[in-house]
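J.: Next input, structure requested:
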Amino acid sequence: MKNKEKTKGFTLLEMLLSLLVIVIGVLGAFTAVARYSQNTQQEKENLVASYLCQEGIEIVKNVRDTNWVNGTTWSTGLAAGNYEADYQSGLVALSGDPRKLYIDGATNFYKYEAPPTGNTETPYTRVIAITANGADELDIVVTVTWSSNTMVVKQNIFNWQ
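T.: Below you'll find the model as predicted:
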């Protein structure tokens with residue numbers, strides 16, 4: 001009888017199956033990283049939009065509070081209508097389509113001015129709608145739009161003095 005030696009090593013089929021398992025694992029990892037990156041970008045955009053909405057409401061509250069400090073009627077400058085607003089210009093009546101916001105290269109504030117050197121255009125537009133709701137209440141609706149997405153924040157402010 002002949003003594004058969006056991007062959008050591010892998011067959012071609014075993015090598016192909018091993019390679020297939022490794023490729024599937026690597027592709028799965030790359031897919032997960034790509035989805036994570038995409039979701040992170042969407043969440044960043046949502047967060048910026050929510051801050052822009054809140055900033056719009058704060059600008060309106062700032063006008064109200066400044067009126068109180070100056071001893072004028074609380075709703076001066078807060079007539080019903082649609083507005084654009086930034087901290088440099090304040091509330092400005094909206095005429096036509098809303099303009100895109102820019103990031104000021106020097107201060108990092110959002111503003112509407114055309115981009116000189118150092119300013120960065122963003123995909124965001126913001127409209128602040130003010131509606132009177134009685135003598136001592138204003139309804140504020142801030143709508144931020146970007147890349148086919150929209151975020152709306154509503155708040156009522158009052159003449160509580």
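
J.: Kindly list the longest strand within the protein.
T.: strand 120-132 (DSSP state E).

J.: got the buried residues for that strand?
T.: 124-130 (16 or more other CB atoms under 10 Å). Just so you know, the C-beta spots here come from the backbone N, C-alpha and C atoms, and that holds for glycine as well.

J.: Next, the angle strand 120-132 makes with the following helix or strand past it.
T.: Note on strand 120-132: by DSSP states H and E, the next helix or strand toward the C-terminus is strand 137-146. Strand 137-146 runs at 160 degrees relative to strand 120-132, counting by axes from the mean of the first three to the mean of the last three CA atoms, to 10 degrees.

J.: partner strands of strand 137-146, parallel or antiparallel?
T.: Sheet pairing for strand 137-146, assigned by DSSP bridges, gives strand 120-132 (antiparallel), strand 149-158 (antiparallel).

J.: So which residues make contact with it?
T.: 45, 49, 52-54, 56-57, 60, 75, 78, 98, 122-133, 150-159 (CB atoms under 8 Å, 6 or more residues apart in numbering).

J.: can you give me the strands in the chain?
T.: Under DSSP E, the chain gives strands at 81-86, 90-93, 100-103, 110-111, 120-132, 137-146, 149-158.

J.: Would you convert those strands into a markdown table that also reports mean pLDDT and distance to Gln38?
T.: As requested, the strands of the chain are arranged in a markdown table below (pLDDT from 0 to 100; distance: least, CB to CB, whole Å):
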| stretch | mean pLDDT | distance to Gln38 |
| --- | --- | --- |
| strand 81-86 | 94 | 30 |
| strand 90-93 | 90 | 35 |
| strand 100-103 | 91 | 23 |
| strand 110-111 | 89 | 24 |
| strand 120-132 | 94 | 16 |
| strand 137-146 | 97 | 16 |
| strand 149-158 | 96 | 14 |
